[in-house]
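In: Let's see this in three dimensions:
(3 chains)
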Amino acid sequence: MMTQQQLVKRVLTELLQQGVTLPTSSTQSSGGIIMDNFLNSTSVVPEFVGASQIGDTIGMCIPSVDAILLDHLHVSKKFTVLGVLSSRTGAGPQIMAMDEAVKATNTEVIDVEWPRDTKGGAGHGVLLLIGGYDPSDVRSAIQVALDNLSRTFGDVYNSAAGHLELQFTARAAGAVHMAFGAPEGKAYGLICGAPSGIGVVMADTAIKTAGVDVLSFASPSHGTSFSNEGTVHISGDSGAVRQAVIAGREVGLKLLAQLGEKPVNDFPSYIR
Amino acid sequence: MMTQQQLVKRVLTELLQQGVTLPTSSTQSSGGIIMDNFLNSTSVVPEFVGASQIGDTIGMCIPSVDAILLDHLHVSKKFTVLGVLSSRTGAGPQIMAMDEAVKATNTEVIDVEWPRDTKGGAGHGVLLLIGGYDPSDVRSAIQVALDNLSRTFGDVYNSAAGHLELQFTARAAGAVHMAFGAPEGKAYGLICGAPSGIGVVMADTAIKTAGVDVLSFASPSHGTSFSNEGTVHISGDSGAVRQAVIAGREVGLKLLAQLGEKPVNDFPSYIR
Amino acid sequence: MMTQQQLVKRVLTELLQQGVTLPTSSTQSSGGIIMDNFLNSTSVVPEFVGASQIGDTIGMCIPSVDAILLDHLHVSKKFTVLGVLSSRTGAGPQIMAMDEAVKATNTEVIDVEWPRDTKGGAGHGVLLLIGGYDPSDVRSAIQVALDNLSRTFGDVYNSAAGHLELQFTARAAGAVHMAFGAPEGKAYGLICGAPSGIGVVMADTAIKTAGVDVLSFASPSHGTSFSNEGTVHISGDSGAVRQAVIAGREVGLKLLAQLGEKPVNDFPSYIR
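Out: Predicted coordinates:
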């Protein structure tokens, strides 16, 4: 497991920050024997668009996808120009980011898949496929989505015991529609807590706060890939949706904190 | 990932125990920038009942659940007073604990959901919803369940390679019935091993030991949320069920130990 | 979680290698109180065949399985002599290893199950059941499979962000047929990337490289247990399949490296 390598590095960093000294001859150990001796080139492949440490997200574009492969993919509409956004952690943030990307480009979301991942955490990761007519459009959409991640991760709060995720858009587009069944053009909000029971109370508080339409409530055995999340998806008037999301966040932060640690976000909150 | 924070802390604790010294000016670093500057109050919300480090379990009560949310929940029977018990790790222990709670109070289990969780381990977590007519009954049931966790985690054995779980009750009630299909009022036993193959051999040994009814055998692709557990659910005469559980435990401990580490329980065994 | 114990040990090892000194009175702390005081014997049970640190894989044989248990197992054919191969990490490697084992013995694969595991990683683990007429045949098959693991893990490449898996056989047998739908007797190849989007581009490159039959493309919501893997299964002419697998590997290594770390294999690559 290479997540262990990350952890080892993180612990070493923390220790060094706290004043533990290491001998100076520290070689660049990568934690394992490097055996793949056939890999000569490190130049990137043409399909690569960009990557982000945020959620371990990678963006790619296939300018002309193989026809046989296309038949085996589970896409809602067949395009030969394919965009791929794929992550280990997060699904909501990438979907919200892609929602902005499809608004800004001539592309469509044609597949949303939900691995049960988060690298051992309680949530998902995501596989997003988009289609377009022009490779430059698709590459641009993938880039826009990658650029939006630091914003859409702004209301993801983590603690040792779980996480919260809040999302809001005043105008839902194709990504949010395909992923969450939100009506396009209307405001949409996502209120999620993990462990999932926290999401139940967040949803109750949010819905009571403002008059919104409840699209669905997703829980471990219903509407998730067995993630440990309770999530209410809401739609309606922009002000009401925002107010409901903020109310859900407030109660969620207090409840998750009861499991021992104050939940923190890695980027500034964008829902205010 | 905030599980990393836990690990960093645990490693630091271990190092300090082993005599490594840190400089004294160690500030309270929580491993990330704290950005959620809108959270002013740390007072707990009224829905909170209690929380336990055991399995990262949180208990809550909604005295009057929103009617629209109730329509979207997947409950077997609609109550307006809702109790929530939700955890990252463990499902069996919380269900057994809740079984005692519904025996002791005027409440019913109305939903059991199984996230694939255990924070990167091989098992589940759980989302339990209960309903009642009086908030004080429901709060009391949640509290009884939380109080029972140190007992019902007594026969959960962990090692680096996997885990075992054993459960026994002389008289199954509504939680065990809904979760495992056990006949109410009869003795019930759970014999579980992870990785799942160990559970196959444990089940074989247990059933051969005593005359019991086999309710089901759950495995990664059947009757679990893709957990890596092999679990046999048994019912019947109290003495026979207990004997079968103990025999399964003995063989399981020996097999799991072959993967490198002796499995240990965090609380005293209760099945004797 | 005992994975934390492993990590603590690993960090300590790393620190010691880097020159941090610990006091000499380090007792054998196993990271928790050892409570299972009823376990007197450490002799292995007769069902045990062998275990491997590779993927935390355990092999067992039940010479005469309980008839009631057999009814509750999900096997394609009923044998009273049962072999069990079960792991936390890897499914492809164990299946390929078992494919060699069934070729070499008078046994059949009767169940393949896919936990969502990898100890917090992006992939599966596996539960394999085989049947035979003679316990010595079955034990021998399990042993052959265990012995093959260091080979079949040779083209599994890990990094902090994900992993790649490549498999190739010139002649598929019963394990590969049951697990992946590969025609028996023909060459078979597996090309897998995680996060799953990398697998999409690997598949596209592989199929374009050589004329092969595409059996299926598995992704988080289709044909996996919600793992974060994109996997194409191919069949056909031995040379073409090999060439396609190698081409997929090359692009996969470059893409996964873009997420921050060069992926490495723990054993020598076997596909050349």
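In: How about the residues of the stretch 51-200 of chain A by chain B?
Out: Applying CB under 8 Å from any CB of the partner chain, we find that the stretch 51-200 of chain A lies next to chain B at A:89, A:116, A:118-122, A:157-163, A:195-198, A:200. (Glycine included, C-beta is placed from N, CA and C.)
In: try 10 Å
Out: Within the stretch 51-200 of chain A, the positions near chain B by CB under 10 Å from any CB of the partner chain are A:88-89, A:116, A:118-123, A:154-155, A:157-164, A:193-200.
In: What about those residues, which are in strands?
Out: Taking DSSP state E as the definition of strands, those contribute A:Tyr157, A:Asn158, A:His163, A:Leu164, A:Gly193, A:Ala194.
In: Compile the residues you listed into TSV and extend it with columns for neighbour count.
Out: Output for those, formatted as TSV (neighbours: other CB atoms under 10 Å in any protein chain shown):
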residue	neighbour count
A:Tyr157	26
A:Asn158	27
A:His163	27
A:Leu164	27
A:Gly193	34
A:Ala194	32
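In: Could you verify that A:Ile142 is part of a helix?
Out: Yes: when DSSP: H, G, I helix; E, B strand; the rest coil is applied, A:Ile142 is found to be in a helix.
In: burial count for it?
Out: 27 (other CB atoms under 10 Å in any protein chain shown).
In: so how far is A:Leu128 from it?
Out: Noted for A:Ile142: a distance of 9 Å to A:Leu128, by CB to CB, to the nearest Å.
In: got any residues that touch both of these two?
Out: Common neighbours of A:Ile142 and A:Leu128, using CB atoms under 10 Å, 6 or more residues apart in numbering or on different chains, are A:Gly59, A:Gly83, A:Val84, A:Leu85, A:Met98, A:Ala101.
In: Columns pLDDT and secondary structure on top of those, output as TSV?
Out: Output for the shared contacts of A:Ile142 and A:Leu128, formatted as TSV (pLDDT from 0 to 100; DSSP: H, G, I helix; E, B strand; the rest coil):
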residue	pLDDT	secondary structure
A:Gly59	97	strand
A:Gly83	97	strand
A:Val84	98	strand
A:Leu85	98	strand
A:Met98	97	helix
A:Ala101	97	helix
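In: and chain C, which of those residues reach it?
Out: Subset of the shared contacts of A:Ile142 and A:Leu128 in contact with chain C: A:Gly59, A:Gly83, A:Val84, A:Leu85, counting by CB under 10 Å from any CB.
In: top of these by neighbour count?
Out: A:Gly83 (33 neighbours).
In: so it bridges to which residues?
Out: Beta bridges link A:Gly83 to A:Cys61, A:Ile130, judged by DSSP bridges.
In: That one contacts A:Ala141, correct?
Out: Yes: when contacts are counted by CB atoms under 10 Å, A:Gly83 is listed as touching A:Ala141 (5.7 Å).
In: Find the nearest non-adjacent residue to A:Val232, please.
Out: Take A:Val232 and drop its neighbours on the chain: the residue closest to it by CB to CB, 6 or more residues apart in numbering or on different chains is A:Ala203, 3.6 Å away.
In: A:Asp237 too?
Out: Nearest to A:Asp237 is A:Ala187, by CB to CB, 6+ apart, at 6.5 Å.
In: Over to A:Thr169?
Out: Nearest to A:Thr169 is A:Tyr188, by CB to CB, 6+ apart, at 5.4 Å.
In: Worst mean pLDDT across the helices and strands of chain A, which element?
Out: Least confident helix or strand, chain A: helix A:3-17 with a mean of 56, by mean pLDDT, DSSP states H and E.
In: what's the burial count for A:Ser216?
Out: 15.
In: Tell me if it really is in a strand.
Out: Yes: using three-state DSSP, the assignment for A:Ser216 is a strand.
In: Now the residue lying closest to it once chain neighbours are set aside, what are its backbone angles?
Out: For A:Ser216, ignoring the flanking residues on the chain, the nearest one in space by CB to CB, 6+ apart is A:His233 at 5.2 Å. Main-chain dihedrals, A:His233, degrees, to the nearest 10: phi -110, psi 120.
In: so who does A:His233 touch?
Out: Contacts of A:His233 by CB under 10 Å, 6+ apart are A:167, A:176, A:179-182, A:188-192, A:203, A:213-218, A:223, B:72.
In: Filter the residues you listed down to the buried ones, ChimeraX style.
Out: Buried subset of these, written as a ChimeraX selection, criterion 16 or more other CB atoms under 10 Å in any protein chain shown:
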select /A:167,176,179,180,182,188,189,190,191,192,203,213,214,215,217,218,223 /B:72
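In: The contacts of A:His233 in strands, which ones?
Out: A:Gln167, A:Tyr188, A:Gly189, A:Leu190, A:Ile191, A:Cys192, A:Asp213, A:Val214, A:Leu215, A:Ser216, A:Phe217, A:Ala218.
In: Would you map the helices across chain A?
Out: Secondary structure of chain A (DSSP state H): helices located at A:3-17, A:67-72, A:92-104, A:135-152, A:174-180, A:196-209, A:238-257.
In: Residues of the stretch 101-250 of chain A that sit close to chain C?
Out: A:111-121, A:124-129, A:224-227.
In: 8 Å instead, please
Out: Neighbours of chain C within the stretch 101-250 of chain A, by CB under 8 Å from any CB: A:113-117, A:119-120, A:125, A:127-129, A:225-226.
In: From what I see, A:Thr231 and A:Gly199 are in contact.
Out: Yes: between A:Thr231 and A:Gly199 there is a contact under CB atoms under 8 Å: 5.7 Å.
In: Pick out whichever of the two has more residues nearby.
Out: Ranked by neighbour count (other CB under 10 Å), A:Thr231 and A:Gly199 place A:Gly199 first, with 32 against 25.
In: got a list of what the more buried one touches?
Out: Listed by CB atoms under 8 Å, 6 or more residues apart in numbering or on different chains, the contact set of A:Gly199 reads A:Ile191, A:Cys192, A:Gly193, A:Ser219, A:Glu229, A:Gly230, A:Thr231, A:Val232, A:Gly252.
In: Return the closest of those with respect to A:Ser52.
Out: Distances from A:Ser52 to these, taken as CB to CB, are shortest for A:Cys192 (20.9 Å).
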